[in-house]
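J.: Just need the structure, nothing else, for what follows:
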Amino acid sequence: MFFHSPTALFLFLPIVFFLYPLLEFKSYFFSRLFLLIFSLTFYGFDHPWFLAPLLLSATIDYLISRKLLSRNLSKRSKTFFTSISLLINLGLLILFKYIPFIEESFSFLYSDSSIVLPSQFKFIMPAGISFYTFQTLSYVFDVYKGKLKDLPNPIDYFLYVCYFPQLVAGPILRPSDFFDSNSVIKLKASNSLIYSGFRRICFGLFLKLCIADELARLNDLAFAGDASFISLIDAWTISFGFGLQIYFDFSAY
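T.: Numbering: from 1, shown residues only. Purely as a prediction, here's the structure:
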């Protein structure tokens, strides 16, 4: 789901903004559980299967992190388990993101290329897969380096991975951004700045809808045109236009 979609703006976000503080007042545990369920629903709303690689990556890294915190584990064993986490996460990233990109690149460079990706490997790339892959890896690396001494409970850990404001487009959270020194989650309604947050959301929507999306519309028209009619100035204009589109798109998020 996109943050600027009507469903997100007028249904999901009002629900979480109003219900989360009430639930936290009643039960801190259920408020975090609610936020986790909300985040998973938000992420998998359009494509529920997106949840599969997300939960697989998060579960494996949680179990590996718990193993790394074992007192009787040798340095060699820690390196082994960390390597497993690295291989699995990078394997998922390559499978969903880079294999289709490699095939597309070969098809573009060699129109008569005989390299064809099997249909079973053609997926819609899960949204934000790069962000949550490196986020779970950063947690494992911090545990491996001894920066983290305690493992949070599973709900807090999965909320750290799946937290909806940054899941789709980043930024990549480090454990210290989300947990205190005792691995207790920092997220509390009492720490919220409602006016400041609402103002930032409105400014982000302006950057996305009024600048990035309008630049995208113009850029799409330019890219769809006949390249033989594009002058030097046109080419530079399109290049800077696309760069600004990407910049404002990420800036908005």
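
J.: Confidence-wise, which helix or strand of this protein is lowest on average?
T.: Lowest mean confidence among the helices and strands of the chain (mean pLDDT, DSSP states H and E): helix 99-109, at a mean of 65.

J.: Can you list the buried residues in the next helix or strand after that helix?
T.: Where DSSP states H and E defines the elements, the next helix or strand beyond helix 99-109 is helix 129-144. Within helix 129-144, the residues scored as buried using 16 or more other CB atoms under 10 Å are 129, 131-137, 139-144. To be clear about C-beta, it is placed using only N, CA and C from the backbone, and glycine gets the same treatment.

J.: quick one: which of those is nearest to S74?
T.: Nearest to S74 among those, counting by CB to CB, is Y144 at 12.7 Å.

J.: Distance of the closest one relative to L173?
T.: Taking CB to CB, to the nearest Å as the measure, Y144 falls 18 Å from L173.

J.: again, but for A222
T.: On the measure of CB to CB, A222 and L173 end up 36 Å apart.

J.: Of the two, give the one with the bigger neighbour count.
T.: More crowded of A222 and L173, by other CB atoms under 10 Å: L173, with 20 against 16.

J.: What helix or strand is that one located in?
T.: According to DSSP H and E, L173 maps onto no helix or strand at all.

J.: which among the buried residues of helix 129-144 gets closest to L187?
T.: Distances from L187 to the buried residues of helix 129-144, taken by CB to CB, are shortest for Q135, at 15.3 Å.

J.: Quick one: low-confidence residue ranges for the stretch 51-200 of the chain.
T.: For the stretch 51-200 of the chain, the stretches with pLDDT under 70 are 100-124, 191.

J.: one more time with 90
T.: Residue ranges of the stretch 51-200 of the chain with pLDDT under 90: 51-54, 57, 67-79, 81, 88-136, 138-139, 142-154, 161-200.

J.: Give the other helices and strands that the lengthiest helix in the chain contacts.
T.: Using DSSP state H to define each element, the chain has its longest helix at helix 232-252. Helices and strands touching helix 232-252, by 3 or more CB pairs under 8 Å, 6 or more residues apart in numbering; DSSP states H and E, are helix 213-224.

J.: chain center to the helix it packs on, what's the gap?
T.: 25 Å (CA atoms, centre = their mean, to the nearest Å).

J.: could I have that helix exported to CSV, CA atoms only?
T.: Provided in CSV are the C-alpha atoms of helix 213-224 (Å, rounded to 0.1, in the frame of the first residue of the first chain):
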residue,chain,number,x,y,z
ASP,A,213,4.6,12.6,-9.5
GLU,A,214,4.2,15.6,-11.8
LEU,A,215,7.9,15.3,-12.8
ALA,A,216,7.2,11.6,-13.4
ARG,A,217,4.4,12.4,-15.7
LEU,A,218,6.6,14.7,-17.8
ASN,A,219,9.5,12.3,-17.7
ASP,A,220,7.3,9.5,-18.9
LEU,A,221,6.2,11.6,-21.9
ALA,A,222,9.8,12.4,-22.7
PHE,A,223,11.0,8.8,-22.5
ALA,A,224,8.1,7.6,-24.6
